[in-house]
Structures are given as C-alpha cells and as structure tokens.
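**Q** here is a sequence together with a model predicted from it:
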Number of protein chains: 2
Amino acid sequence: MKKIRIALGQINPIVGNFDFNRSKIVSAIESATSGGADLILFPELSLCGYPPEDLLLKKSFCEENRLQLYKIMEDVKDIIAIVGYAESRSGVYNAAAILHNGQHCASCHKIDLPNYSVFDEKRNFKAGSQPLIIDVNGLRVGVNICEDIWPPNEIARQQVIMGNAELIVNISASPYHVNRQKEREEMIRACAIKNEVAIAYVNMVGGQDELIFDGASIIADATGLIVARGKQFEEDLIYADLHLKPSAGSPQKAQAEKQGVLQVRIQKVTGTQADQVAEYLPGTLNESEEMLQALILGTRDYARKNGFNKAVLGLSGGIDSALTAAIAQRALGASNVIGVLMPSRFSSTSSIDDSLALAENLGIKTHTLRIEEIVHSYENILEPIFKNLQPDIAEENIQARTRGNLLMALSNKFGWLVLTTGNKSETSVGYCTLYGDMAGGFAVLKDVLKTHVFSLCRHLNKDREVIPENTITKPPSAELRPDQKDEDSLPPYDILDAILKQYVEQDKSVAEISVLGVDATIIKEIVKLVDRNEYKRRQAPPGIRITSKAFGRDRRMPLTNHFSTIEIKGRS
Amino acid sequence: MKKIRIALGQINPIVGNFDFNRSKIVSAIESATSGGADLILFPELSLCGYPPEDLLLKKSFCEENRLQLYKIMEDVKDIIAIVGYAESRSGVYNAAAILHNGQHCASCHKIDLPNYSVFDEKRNFKAGSQPLIIDVNGLRVGVNICEDIWPPNEIARQQVIMGNAELIVNISASPYHVNRQKEREEMIRACAIKNEVAIAYVNMVGGQDELIFDGASIIADATGLIVARGKQFEEDLIYADLHLKPSAGSPQKAQAEKQGVLQVRIQKVTGTQADQVAEYLPGTLNESEEMLQALILGTRDYARKNGFNKAVLGLSGGIDSALTAAIAQRALGASNVIGVLMPSRFSSTSSIDDSLALAENLGIKTHTLRIEEIVHSYENILEPIFKNLQPDIAEENIQARTRGNLLMALSNKFGWLVLTTGNKSETSVGYCTLYGDMAGGFAVLKDVLKTHVFSLCRHLNKDREVIPENTITKPPSAELRPDQKDEDSLPPYDILDAILKQYVEQDKSVAEISVLGVDATIIKEIVKLVDRNEYKRRQAPPGIRITSKAFGRDRRMPLTNHFSTIEIKGRS
C-alpha cells in the first residue's frame, strides 16, 4: 500500500482581491506543510475568486493571476499545492496549477465548461482537452476541475483506465442549493466505487453576490467510504491519510498519451514525518438549519465583502421582516442591525407590538418613523391630477415607496446596507412594490418560498421564542389598505408555492401543472402574474440562491414576452 | 446563366407571439408569391422571436414552434420559404426550415453558436454540424444562419467548394450598434468576392428589450456588388433578380457528403412569370440619424410590445430629459407623451422656462408638481434621527426619489410607461439616484454617452429648434443643492467619455488608458466610480443598446469585486 497525507484548503476568497486570496492560500500551505501533508488542494479559481464573470475580459485581470501565482509558488516547499486560477495563453483557461518546491510543475485545464443555470463558463473560458496525471514519486494522481468529475463526464475514468491513476483530486466551486451536499457526496462515492479509486474533493466556501459556496469538502477512499469531511458554510482545513491500492498495470506512458492523457512526473522532496491524523467527520445539518446557515453566510459575506458593517431593514410585524432581521442579527451581530418601524393609518397595533417584541428578542435597536405626514403630502400634491379617482394601487404604492425612501435616506446618511424582506413567492407573482419594499441592496429571502419562511421561523423558535408567536400565526397582510390580507389577492401559500415550484423552478406548462389537482383557473392566473412581473424582478436587488432555480442570474426570461398568453388561453 | 428571383421578408416579430409572427410570415409569403419570387427568406428565429432566452427551456415553447411551422408550411405553394425557428429533436437547434409546396423539405442548423457579448446561444441551443445545400431544379443554394457566415467561419466557402453552391442565403438576427450596417455590408461583400458567389442576407428588424435589430438586409452579386438593400429600422420586403454563374464543376454528391455537407434535392413547382423587378437600394443614414432612429425604434417597440400607449417622464430643463422627450414624441406621437416638471427650491427659473419651451416645441402636454412640501415632510420625519448632521447626499437623494415616486404614482394610476432620462456617462460613474431619476420602466439613453447626447440634440435642431438652445448651452446640473454643476463632481464630459469608452467598452486598464494623455489621478477616480456603482446599474431599468458594449446583458461584472483597488493603487 502507498500512503499519502492530503489536506484540503477550504477557503473563502473574494473575487478580485488577489492579495487577500493569496495570503489565505499561503497560510494554509504553511499549516499543511507543518502538518505533514504531501498534497494540499485549493478550490477552483480560488486565486481570483469565483465567478469572476467579465473581469476575465480584462487583460490586466488575467495578468494579475499569473503574477500572484508566481508569488505563491515561491512559498511552496516540500508540499505539492494545487491552486485554481485563470491561466491565459492564447485563450483563458479555468486552470489548476501544480506547484512544488518553488516550481510550477504543470497545469490542468477544465474540459467541460458548464454554461447552463448560473454558469457562463463558455462565455469566459476556452475548454481544455487533455486530462492530466501527475506522477509523484511513482504515485499516480489524476487532477480535474469541478464539472469534469460529474457524470456523464468520464475524465476520472479516463485517468484511471488510461493513466493508471491511483488517486483522483478535484478542485471545485460548487454553488449551494438545498440538498446539494448530499448530491455531491453521492456523486463522489459513486465515482470512487465505479473506478475503485480514492477521491479528494475540495469545494469553495463563502458568498459571492447571489451564490453561496457551502464547502463540505470530502475525501472518499476507493470503496466509496467518506473518510474526511469539511464543515459546511465555514472555512476549514481538512486532513486525511490515504492508503492507496497500487494500480493494476504499470503506467503505459506512450499508450496514455496516445489516448490524450497528459502525464507529468514530479520528484517530490521529503516533508515532515508525522503521526496518523485523527478522523475528521463533522456531521451534516438538517434541511432547515442548512438553509438558515446558507442565508446567514450569504448575508454576512455580501455585507462584509462590500464594506458594510451595519444593516437596516423595515420591521412590519410580519413574518418576512422578522425572519430577515433574525438572519441579519446572526450574520452581523445584534449591535449592527437596525430595525425601522414605519406605521401608517392602516397598520394594526399588533404590527408595532410584534415588531418591538422581535427587536427585544433579537437585542436590536429600532427607530419608529410614522409615514402619515409624508403620504399625505404626496396625495396633496397629486390631488389636482388624481382629482376624484378612486384610491387604488397608486396610493398603496406611495406608502411602500415612502418607506423605501426613508430606509434609503438612512442608508445614505449612515452607510448602512438596506436589506429587503420580500420572499420568493411574493417576488414571483409581483406582490411587492418596485422602489418600495423592493428598495435595498440585498434581498435575503429572494429565493425562499413563503412556506419555507414559515418552516424557518418554526426552526428558529425550537428552543426559545425568537420570532414572536403572533407574527407566525396571524394571517399575512401588506397593510396598505383597510383589512387587507394576502389571501384576498393570492391563493393560500401552500398551493401558490406548489405551483411556483413547477412553473418557475421546473419550467412546466399549465397543462403539466394541472396534474397537481389545482383548478386550472388558479394556475393560469399565477402563470400570468409570474410572466407579467418579470419587469419588477429585473430591477430587484441581488439575493441569496438556495434552490436549484432562483431569479437573477439563474432564470433568464425576456421582458418582452407574449408566450404566456398562449400558455393561458390554451390551443384551440 | 441561371436566373432566380429572391425576396427578403425583413419582419419585426415579437418574442413568444407565435400567431402574430406566423401571420406576418404568411402574409409576406403571399406577397412574394404574387410578386413572382422563387425564394423568400425570413430572419433567424423569426417564428418565435429573437432572443427567446430561457423560454427555450420550456417544452411547451419548443412544441409551439413545431406546430406553428406546420401551419405556415400548409400555406407555402409555388415558392420556397426559408423560416427561422427553434427545432427540437434530442436537443434544441437554432434552425432554418426549408418549406415548399406544402412540404417541410429540409432543416439547416446553426453551427457556430455565439456565446459572447449579448449572446448566450450555447446556453440555449445545441450546435449543428452539417452545412446544408438545397438543390432547386439544379440550382445549388447554400443555406446558413447568422454567425456561420462571419469570419473566421468558412461555412459559405465549404458550401461553394464542397457543395458547388451558386448562391448563399443567410438568415440573421444581428443586433445594431453604431456602424454595424457598414461592417455587415463589408463582410458580405468580402465573402461574395472571396467565394465568387451571390449572397442574399436577411436581417431581423425591431426592438426586443435592450436589443435593436436594424434590418438593412442586402443582396450582393458574385462580384460583391450590392444589388438590393432593405430599409434600416423598418419592416421591408426586398426583391432582386439574380443571374447566377453556374458553378464550375458538376455536383459531386458523394464527395460533398463525405466532407460533411448535407444535400437535399427540391423539385420546385413553377411560379408566376413576372417582369424584371426594379432596382431597390434605399440610401444609408448618417451616424446621428442612425442613432436617433435606433433610439426611436427601441422606445416604440418596448412600449408597444409591452402594452403601453403613453409614456411619462420628468422634465428638468436639462439636455437629457429634453432628448428623451423628443425621442418619445417621435416614437409614440406627441399626444402620447406627458412631461412632468417637478421643481424644488434648487431649481433655477430657466429649468421651468426651458422645459415649457421644449414641451411647446414638441407639442406635448405637461404637469407641474412642486416637490417642496413632500421633501420637507421627509426631512421633518427624519429630523429626530438626522438631528444636527450636515445635509449631504441623503437629502439630495430624497429630492430625486420624491420625483421618482411621483412619476411612478402617475404610472400606477394611468398606466403610463415611465421613461428614465439618464445617459451612459452618468450611469457609468453612478451620477444618478437609485429609485430616484433611475426609477422607471425603460432607459432611453442608457447606452448614449453625454457627448452623443449633445450631438444628437444638435442633429435634431438642424432644420428648426426642437431642443431649446439654452438647454444645450447651459452647464449641466442636477440641481439638488445650490449652484451645483456636474463639472464640480466630474471631469469635463469629453474627457470623461474618452475614458469611459476605453474602460467600459474596451476593458482597458488604468495604465493602458493613460496613453490618452489624461492625468492618471482622474482616470483612477473614474475607474473607482465605475466599479463602485455596479450595484446601481444592476437595478437599472432596461435600455437601448447602441454601442458595441452596453451595460445590462452585455457587460457582466460581479457586484462583489475588489479588483478595482488593485487597478487603482497599481503594483509596487
């Protein structure tokens, strides 16, 4: 048996902050070297951050990758470090640099560039063509990047069969959605079992705009047993000692290269001898806790990486603003969250009481700004034009936009980040006011359906009351006119959410959704609302993606779109 | 010599409106049939509209393409019609259907799918692999789609060399930017000359969200001479009689197919005999007129295709709102444009006079809404929190947002589309207020640099005063504090625009831009502003793209991005 000690540098880089990212990488390399690791892996594009998007069109950005990699290289002594970066040579590649003993020994290029869902890699990268094997003192390691290990790709298999790989290492930046960790672990285990090969998989951690990378890196042995796992949603340095089964045949260099596998030999210098590392297998989280941690990390990273210490949000007494406040408090600390109550003539007493109870539970500061005078001055100025027209959505939106303006004024004056509180169900059907409750820098619950808002609040309250009970149990209302209730305008949230999952997340047609057993009239109404409100979502702030299809960079629909009409009226 | 009469159906379809698009196609087919054409071409994806974006992920959308094509097919008699549509068969293709005599004779699939700039075709389509030749009673026609005829692609050459094509037809949806028509004509002429083959090229016309398709379809003979041209920015039906040089060798069917060229034989039924068609060569527009027409078409189509008859905008007396109003008046008609004056204590008398003079020149209606009372009520409510802090950007933005709210209230009450008036120079450096002057449904000047705003106003005034002279000559000001001038905060617009062209449109670095001879301190300041204001642009309304790189779907930068800092501080 051959033995190798592997370390996974599960780091949280910042897009474009090369000095910051390099210093994280170098410090993990130093720790892992002292810890006796033979090999340390860093996530896909961790040197420049992921996804860098069109920064890759700047020559100076690509050049910075090269210069910074060179600096890291000088700090690599008797360990092999595999670092994700953008490599520019007659095209830009999504690359892994293999560094050892002050040398850049080889590069591996990502072959399958994902270009669906939130991914645009064919826009920004040239595809690699050759799988890489590094031969480290006779131990044969196949290196690949993210998508290249996912079925139906067979890069790992090629590396094992053609290149006699005894170990596969994969560096990833795999975005989170609910249940993704389980999917990843199953994929890695299946790949290990199928190819009878050990796999070390490092994933990025951290929030980047709408995406969360959840870490949870893993190492599996050749039987598919998970022998080490990184924490989910936190930085981590994971070690494992692997005892590898030597490959069946001797390496057929000529044969492998004929098959397109690139092979590079590395004479590794001897490192520190160390005792067996302890088993490291943090447990996995339940679904609610996982979602909650994703939302906390996303909020914290968007704020911190964009220079905000404090956040402000409107507290309506409702469940969405309550959950948003609770997440913000955990993300930024109670002293950094400011709740603003903005009651109007339509606000119930319980709106104020419930908001204050929430603030008390969370230990956050509040301000109260009554909007009546401002709303009245708008109505007064508009009176000559509106004359005797009945109050309608125009007057309702004036209230919401007055609140938006007040929060933005606080943001402008004090440098606070405005968090919006709308959920995915509302955003889907346009039950929200552009420049009103949609005004803000970050939409914490943008991808959280209302039914999940409820389950997350229940989860938060499992040990003690965080969200006031009355906030959870009272019927949801926008309180923009007397006795308004959400269910006056929308079907009950469990039905609405079931339709939205099918229409928004799975692109099903009205006919296909009808099998749910819901009245087709309701489905058509919802479909119409979703399509008609694309223009609002286009101007929505970014928010955290936690499902397999979020609004924003994921679901890209035209604004000018008459297809819905056909969907709704059906074909004759 | 072989003779063929070609018609180009330069139509303006609507994304997702299959009935509308089909009826346009069928009616052009009927006209061209009566006109004795042997062949009629329709633009790329004209049956479903372009770009359909993620509508292509809906099975029902792809199915509708098939059903509607089937209906068109039944209406095709003794003409050959080539229609762009999405063809679904184990993957979705960007396809051209060849229809004749009630039959679907063949399909051609786009081979090179653009996936840069505004294009995401690798996201939504599978690439074709075989160039197509149709053999029509012995006349050999190579069919290809948009990008496939652009260098370095050699599809047309392959069709000529391998497939003995005597005529190349290309169906396109090629978005406009300044000078694009000239680039296209040069490309087509070069291709004709190089391959000694006639080329018929049909382009789509119309606005779709941020994109303008400008038509200007052309037919070139085998010497590269343009023998027919469609109007730019209008629907058109273009005819030409081509006398084709028979290809040198006889078709080598087996040989061509070995080379991957697909060949389909069509026995064409005889059509109407007709006289020689008259030469049709509408002249081309000068640059200012071209930009103006693009902006008018973009505004008209966004409004009409989204169900708006009327538009409203704020008139500040400044040049941006004046130009926007003039464009809206031409796009929608004077009676459909409403100008709103919203003076504050900082508004000069000339702001009101100039606005009223403009409205008079344009014949549009105005309302005047003084914002003082509303602004005062905001300040009053915020006083306990703002206390004795100095007025700053917070108070300035309250004014801008009050105006935004008033326009949105009018929009909500009367169903008017709010047009925003900001230009590309302001949007680049964030010299605009989110939810204030940025509040609205469509940003007419989003991609128009301030220096172009001036030249367009001069152009509009060439015969008579449209834009009041004082509006053009007075120093630009936001009028949000006493005696404010744009140039207090920004470099002169000619310098600013020169920097923005290099940084925003060409991705140049500070060092590269320095060769302009501008002080590096100014460049660094501008670069910092551009990067720091990405968050505002992310929430901006859609607007018309007229340059080779617009904000919106074209320039895709991360919000969380620390690269600018490195750019600015330089490397030690």
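**A** Great, that's in hand.

**Q** helices of the stretch 401-550 of chain A, start to end?
**A** A:424-429, A:450-460, A:469-473, A:486-489, A:493-500, A:510-513, A:520-532, A:534-538 (DSSP state H, counting those that start in this stretch).

**Q** out of those, which gets nearest to chain B?
**A** Of all the helices of the stretch 401-550 of chain A, it is helix A:534-538 that lies closest to chain B, at 6.5 Å by Cβ to the nearest Cβ. Where C-beta positions appear, they are placed from N, C-alpha and C, glycine not excepted.

**Q** from A:Glu534, how far off is A:Ser564?
**A** Taken as Cβ to Cβ, to the nearest Å, the spacing of A:Ser564 relative to A:Glu534 amounts to 10 Å.

**Q** pLDDT of the host helix or strand of A:Asp19, averaged?
**A** Secondary structure assigned from DSSP states H and E places A:Asp19 in helix A:18-34. When pLDDT is averaged along helix A:18-34, the result is 97.

**Q** next one: stretch A:522-534
**A** Mean pLDDT, computed over stretch A:522-534, is 96.

**Q** show me the domain layout of chain A.
**A** A:2-266, A:287-486 (automatic domain parsing).

**Q** okay, the ones you listed in a markdown table with mean neighbour count and distance to chain B next?
**A** A markdown table is the format used below for these (neighbours: other Cβ atoms under 10 Å in any protein chain shown; distance: least, Cβ to the nearest Cβ, whole Å):
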| stretch | mean neighbour count | distance to chain B |
| --- | --- | --- |
| domain A:2-266 | 21 | 3 |
| domain A:287-486 | 21 | 4 |
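
**Q** adding distance to B:Ile6, write those out as a markdown table.
**A** Below are these laid out as a markdown table (distance: least, Cβ to Cβ, whole Å):
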| stretch | distance to B:Ile6 |
| --- | --- |
| domain A:2-266 | 35 |
| domain A:287-486 | 46 |
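
**Q** go through the helices of the stretch 401-550 of chain A and find the least confident stretch.
**A** Lowest mean pLDDT within the helices of the stretch 401-550 of chain A: helix A:486-489, at a mean of 83.

**Q** using PDB, write out every CA atom in that one.
**A** The C-alpha atoms that make up helix A:486-489 are tabulated as PDB, following Å, rounded to 0.1, in the frame of the first residue of the first chain:
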ATOM      1  CA  ASP A 486     -52.600  38.400   1.300                       C
ATOM      2  CA  GLU A 487     -55.100  35.700   0.600                       C
ATOM      3  CA  ASP A 488     -57.600  38.300  -0.800                       C
ATOM      4  CA  SER A 489     -55.200  38.500  -3.800                       C
END
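
**Q** which residue ranges form the helices in the stretch 101-250 of chain A?
**A** Counting by DSSP H, counting those that start in this stretch, the helices of the stretch 101-250 of chain A are A:121-124, A:155-161, A:180-195.

**Q** next one: the shortest one to chain centre, how far?
**A** Computed by Cα atoms, centre = their mean, to the nearest Å, the separation of helix A:121-124 from the middle of its chain amounts to 19 Å.

**Q** quick check, A:Ala394 in a helix?
**A** Yes - counting by DSSP: H, G, I helix; E, B strand; the rest coil, A:Ala394 falls inside a helix.

**Q** ok, back up a step: adding distance to B:Gly260, write the helices of the stretch 401-550 of chain A out as CSV.
**A** As requested, the helices of the stretch 401-550 of chain A are arranged in CSV below (distance: least, Cβ to Cβ, whole Å):
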stretch, distance to B:Gly260
helix A:424-429, 46
helix A:450-460, 51
helix A:469-473, 64
helix A:486-489, 57
helix A:493-500, 45
helix A:510-513, 38
helix A:520-532, 41
helix A:534-538, 41
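
**Q** for those helices, which one sits closest to B:Asp148?
**A** Between B:Asp148 and the helices of the stretch 401-550 of chain A, the shortest separation by Cβ to Cβ is 30.9 Å, and it involves helix A:534-538.

**Q** at contact distance from chain B, anything in the closest one?
**A** Yes - counting by Cβ under 8 Å from any Cβ of the partner chain, chain B is contacted by helix A:534-538 at A:Tyr535, A:Arg538.

**Q** by mean pLDDT, which helix or strand of chain A comes out lowest?
**A** None of the helices or strands of chain A scores lower by mean pLDDT, DSSP states H and E than helix A:253-258, at a mean of 68.

**Q** give me the pLDDT for A:Lys485.
**A** pLDDT, A:Lys485: 85.

**Q** no no, A:Glu567
**A** Note on A:Glu567: pLDDT of 63.

**Q** go on, A:Ser348?
**A** Looking at A:Ser348, its pLDDT stands at 88.

**Q** also A:Thr324?
**A** Looking at A:Thr324, its pLDDT is 98.

**Q** hang on, it in a helix?
**A** Yes - remark: A:Thr324 belongs to a helix, assigned using three-state DSSP.

**Q** A:Tyr435 is in contact with A:Gly404, correct?
**A** Yes - under the criterion of Cβ atoms under 8 Å, A:Gly404 makes contact with A:Tyr435 at 5.5 Å.

**Q** where do the contact lists of these two overlap?
**A** B:Arg401, B:Tyr435 (Cβ atoms under 8 Å, 6 or more residues apart in numbering or on different chains).

**Q** that older thread, residues making contact with the next helix or strand after the least confident helix or strand of chain A?
**A** Once helix A:253-258 ends, the next helix or strand along the chain (criterion: DSSP H and E) is strand A:262-266. Contacts of strand A:262-266 with the rest of the structure, by Cβ under 8 Å, 6+ apart, involve A:80, A:98, A:100, A:105-106, A:130-137, A:163, A:251, A:253, A:256-257.

**Q** hmm, 6 Å instead?
**A** Applying Cβ atoms under 6 Å, 6 or more residues apart in numbering or on different chains, the contact partners of strand A:262-266 are A:His100, A:Cys105, A:Ala106, A:Gln130, A:Leu132, A:Ile133, A:Ile134, A:Asp135, A:Val136.

**Q** just stretch A:227-245 next, same as before
**A** Contact with stretch A:227-245 is made by A:1-8, A:10-12, A:28, A:31, A:166-167, A:198, A:205, A:214-219, A:221-222, A:276-277, A:280-282, A:293, A:297, as judged by Cβ under 6 Å, 6+ apart.

**Q** now do stretch A:69-81
**A** A:22, A:25-26, A:29, A:33, A:37, A:39-40, A:85, A:97, A:99-100, A:102, A:104, A:269, A:271.

**Q** low pLDDT regions in chain A?
**A** A:1, A:247-254, A:272-274, A:565-572 (pLDDT under 70).

**Q** what's the closest non-adjacent residue to the residue nearest the centre of it?
**A** When Cα atoms, centre = their mean is applied to chain A, the residue found nearest the centroid is A:Ile212 (2.0 Å). Leaving aside its chain neighbours, A:Ile212 sits nearest to A:Tyr176 (4.3 Å; criterion: Cβ to Cβ, 6 or more residues apart in numbering or on different chains).

**Q** I figured that neighbour hits A:Leu211, correct?
**A** No - contact between A:Tyr176 and A:Leu211 fails when scored by Cβ atoms under 6 Å: they sit 7.7 Å apart.

**Q** for A:Glu87, helix, strand, or coil?
**A** Three-state call for A:Glu87 (three-state DSSP): strand.

**Q** my guess is it meets A:Tyr93, correct?
**A** Yes - the pair A:Glu87 and A:Tyr93 passes the contact test of Cβ under 6 Å, sitting 4.6 Å apart.

**Q** quick one: the strands in the stretch 301-450 of chain A, in order.
**A** A:311-315, A:337-341, A:365-368, A:417-420, A:442-443 (DSSP state E, counting those that start in this stretch).
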